[in-house]
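Colleague: Structure of the sequence below:
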Amino acid sequence: MYQQKYLWVCLVSLGFITSTHATTSSPSSEEVTQKETAEVIAADSSSKTKNSRLDALKELKNVKTKDLKVNANATQPDEVKDPLQPLNRQVYAFNDMLDRNIARPLAVQYTKNVPGEVRGSYRQFRKNLGEPWNAINQLIQGRPLRAAKTLGRFSLNTITTLGMADPARRLGLDTEEENFGTTLGYYGVPSGPYVMLPIYGPSTFRDGFGTLVDGQARPQKYILDGNDRLYWSEQVMRGLDTRSQILDVEKVLQGDKYAAIRDIYLQRKNFEIAEKKGLDADSISFVDDETEEFFDDQEEINAPEESKE
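Modeller: Numbers count the residues shown, from 1 in each chain. Alright, predicted model coming up:
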């Protein structure tokens, strides 16, 4: 008798527990609907992204060889200076996503937690390491006096502060940063169309090639040879420090940020090249197709002058 009662109680208890577990573990119809809606939205977003990428690649078929020979400047129509715009905008969206979620938050924390004096010393140390490459570019540009001045800066700053400060500036030896892309532009090599590189950012065909050359000329590549972890850590720090310097500047960008960044980059690059040739700053802020012949003539008339920072 007791055994039958005990068995019955066990069965009832087991049934109660099972039904309760089923009730608590089974998702409600509302939860299922929300999950399905989220999956549909995610799938739709992914589909739109894929379609936009495909559309961008299809539009590249319309780009002709002559479009790649342009000397891009800010005042040209988009189809002239930026024939790869559909693809460039896709890359920009990717870069912007990385920036919003990774680079910018890290740069903000870097600025908050690292004292300004430390950041300044690190930045100056990196710049000082780049002075010999600046001098080489200046020699290639046919400016030996400027190259001698740059080497003087490097020697003085290295001997006195190991490159962590800039006493040479107080003696009138200002820096003039160089890169191989600018040197090519100095000799009239067309920039090619504007391109947005993944992670790296705005560039042109000419400057992209110049960046590869610059990368081989960095002292860190040889100083840290054999220690890949330390080398790439230093490169990350370099990018983080660079990003921290434009935290305030980015607030100025309004509207179409992609177009603003592109035009600022092209304008600044053309200004740097023309300034090294000794051209009037007022006449080189924006260069259009009609005045390119004027600057070609000026290259032959004006001897390169020592540019001032």
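Colleague: use CA for all of it now, contacts and neighbours both
Modeller: Noted.
Colleague: Report the mean per-residue pLDDT for stretch 67-79.
Modeller: In this model, stretch 67-79 has a mean pLDDT of 90.
Colleague: if we look at it, which residues are touching it?
Modeller: 80-83, 85, 190-194, 262-264, 266-267, 270, 286-289 (Cα atoms under 8 Å, 6 or more residues apart in numbering).
Colleague: Now intersect those residues with the strands, please.
Modeller: Y194 (DSSP state E).
Colleague: show me the contacts for L247.
Modeller: 104, 108.
Colleague: same thing but at 7 Å, please
Modeller: Contacts for L247 (Cα atoms under 7 Å, 6 or more residues apart in numbering) come out as none.
Colleague: Assign it to one of the three secondary structure states.
Modeller: coil (DSSP: H, G, I helix; E, B strand; the rest coil).
Colleague: Mind pulling up the pLDDT for it?
Modeller: Confidence score, pLDDT, at L247: 89.
Colleague: any idea how far R119 is from it?
Modeller: 14 Å (Cα to Cα, to the nearest Å).
Colleague: Which of the contacts of stretch 67-79 fall in helices?
Modeller: Residues of the contacts of stretch 67-79 located in helices (DSSP state H): 80-81, 85, 262-264, 266-267, 270.
Colleague: just to revisit the earlier point, filter the contacts of stretch 67-79 to the buried ones?
Modeller: For those, a burial check counting by 16 or more other Cα atoms under 10 Å picks out 80-83, 85, 190-194, 262-263, 266-267, 270, 286-287.
Colleague: Tell me if E176 really is in a strand.
Modeller: No: E176 is assigned coil when assessed by three-state DSSP, not a strand.
Colleague: What about it? Give its phi and psi, please.
Modeller: For E176, the backbone dihedrals (degrees, to the nearest 10) come out as phi -140, psi 100.
Colleague: Count the residues that sit near it.
Modeller: 17 (other Cα atoms under 10 Å).
Colleague: D248: neighbouring residues, count only.
Modeller: Neighbour tally, D248, other Cα under 10 Å: 8.
Colleague: repeat for the one 10 residues further on
Modeller: Y258 sits with 18 neighbouring residues when counted by other Cα under 10 Å.
Colleague: and it, what element?
Modeller: helix 257-276 (DSSP states H and E).
Colleague: May I have that helix as CSV, with CA atoms only?
Modeller: Only the C-alpha atoms of helix 257-276 are listed here, as CSV (Å, rounded to 0.1, in the frame of the first residue of the first chain):
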residue,chain,number,x,y,z
LYS,A,257,33.0,63.3,-44.6
TYR,A,258,34.4,61.0,-47.3
ALA,A,259,34.4,63.9,-49.8
ALA,A,260,35.8,66.3,-47.3
ILE,A,261,38.7,64.0,-46.3
ARG,A,262,39.5,63.3,-50.0
ASP,A,263,39.6,67.0,-51.0
ILE,A,264,41.6,68.0,-47.9
TYR,A,265,44.1,65.3,-48.7
LEU,A,266,44.5,66.2,-52.3
GLN,A,267,44.7,69.9,-51.6
ARG,A,268,47.3,69.4,-48.9
LYS,A,269,49.5,67.1,-51.0
ASN,A,270,49.4,69.5,-54.0
PHE,A,271,50.3,72.4,-51.6
GLU,A,272,53.3,70.5,-50.2
ILE,A,273,54.7,69.7,-53.7
ALA,A,274,54.2,73.1,-55.1
GLU,A,275,55.7,74.8,-52.0
LYS,A,276,58.9,72.7,-52.4
